[in-house]
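Trainee: Next input, structure requested:
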Amino acid sequence: MKSQFVTLSLCIALIASNMIAQTTAPPRVIKPVPIEIVERRCPTVIVYERGVADAFAPGIDPVYPSLALDALLQTGRPVAYDDLSQCDHWFGDSFKLDACVFCCGICSATLEITMRACGSAADCNDVITVGQAPFNVGGYVIWQGWVDPNGCPPGTGPLPVDVPDPALDRVAPPPADRSRIVTLPPTIVKTIHLDPRKLSELICKRKIDTLDVFIQDDRIVDSMRLIITKP
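Mentor: Numbers count the residues shown, from 1 in each chain. Next up, the predicted model:
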């Protein structure tokens, strides 16, 4: 009986000491994983390219949109890569993807779009949509947002982030020949970090093997790259 009492007393003391330790211990700090460790976990890099990265060299590079994206583009007078003479037109192209790459797990997906404004007074409200056309109307949206994160100046009116209507941004008529503009707008590389889970949802569950990119509608696009990292 005495030994049982001693054992019980030790258990009670141990429980009490643990409770005191839990109430007095500092909060646990979760440190971010160093980038070099992430790179070791995801060493494979796969790059998909569309268009020709030639700094808007003369000659129009073709686009190869999916059937669904092509149907959407036909309602907005589509253009291809490096078309310097057009403004207020829709641009769209699709990446042909390999399900074996995505369904085995991916770490990150980055979309880079090299482009510049065409000189329209309404280019501040241009929108990029990435996913499966027709996107918000029976498709699938992975990412959607403004080309210019600063938006439009006060008084010009914002454009709702949705499948756009080209009539909403015809603020000023474009010059007859955009290729003769003396001062060209600066070239930008728009970097978009896509959600790997949504991309896997599109490819692996929805069984869609193309990624549609839609840009509305005052941009000249030189080229695009989709960069995938995976284990």
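Trainee: how about the strands in the protein?
Mentor: Secondary structure of the chain, counting by DSSP state E: strands at 44-51, 78-79, 89-96, 108-117, 127-132, 140-146, 188-194, 210-217, 219-230.
Trainee: and for the second one, what are the contacting residues?
Mentor: Outside strand 78-79, the residues within contact range by C-beta atoms under 8 Å, 6 or more residues apart in numbering are V63, P65, D70, Q86, H89, W90, F91, G92. Every C-beta, even on glycine, is put in place using the N, C-alpha and C of the backbone.
Trainee: and the last one, how many residues sit next to it?
Mentor: Using other C-beta atoms under 10 Å, G92 has 23 other residues around it.
Trainee: same check, this time on the fifth one
Mentor: For H89, the tally of surrounding residues (other C-beta under 10 Å) stands at 21.
Trainee: That one contacts T75, correct?
Mentor: No: in this structure, H89 is not within contact of T75 by C-beta atoms under 8 Å, at 11.5 Å.
Trainee: on that earlier part again, need the winner for burial among the strands of the chain.
Mentor: Ranked by mean neighbour count, these are led by strand 210-217 with a mean of 25 (mean count of other C-beta atoms under 10 Å).
Trainee: Run the angle between it and strand 219-230 for me.
Mentor: Angle, strand 210-217 to strand 219-230, by axes from the mean of the first three to the mean of the last three C-alpha atoms, to 10 degrees: 150 degrees.
Trainee: what helices or strands is strand 210-217 leaning on?
Mentor: Packed against strand 210-217, as judged by 3 or more C-beta pairs under 8 Å, 6 or more residues apart in numbering; DSSP states H and E, are the following elements: helix 67-73, strand 89-96, strand 108-117, strand 127-132, strand 219-230.
Trainee: What strands line up against that strand, and which way round?
Mentor: Applying DSSP bridges, strand 210-217 is found paired with strand 89-96 (antiparallel), strand 127-132 (antiparallel).
Trainee: now these as JSON lines including mean pLDDT and distance to F102?
Mentor: Listed next are the strands paired with strand 210-217 as JSON lines, based on pLDDT from 0 to 100; distance: least, C-beta to C-beta, whole Å:
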{"stretch": "strand 89-96", "mean pLDDT": "96", "distance to F102": "11"}
{"stretch": "strand 127-132", "mean pLDDT": "96", "distance to F102": "14"}
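Trainee: Same list (these) but as a markdown table, adding distance to D222.
Mentor: Written out in a markdown table, the entries for these read as follows (distance: least, C-beta to C-beta, whole Å):
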| stretch | distance to D222 |
| --- | --- |
| strand 89-96 | 11 |
| strand 127-132 | 15 |
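Trainee: Quick one: closest of those strands to S120.
Mentor: The closest of the strands paired with strand 210-217 to S120 is strand 89-96. By C-beta to C-beta, the value is 10.1 Å.
Trainee: Send me that closest one as CSV with only the CA atoms.
Mentor: Taking Å, rounded to 0.1, in the frame of the first residue of the first chain, the C-alpha atoms of strand 89-96 are listed here in CSV:
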residue,chain,number,x,y,z
HIS,A,89,-8.1,44.1,-79.5
TRP,A,90,-8.1,41.0,-77.4
PHE,A,91,-5.1,38.7,-77.0
GLY,A,92,-5.1,35.1,-76.0
ASP,A,93,-3.0,32.0,-76.2
SER,A,94,-2.8,28.6,-74.6
PHE,A,95,-0.1,26.4,-73.1
LYS,A,96,-0.3,22.7,-74.0
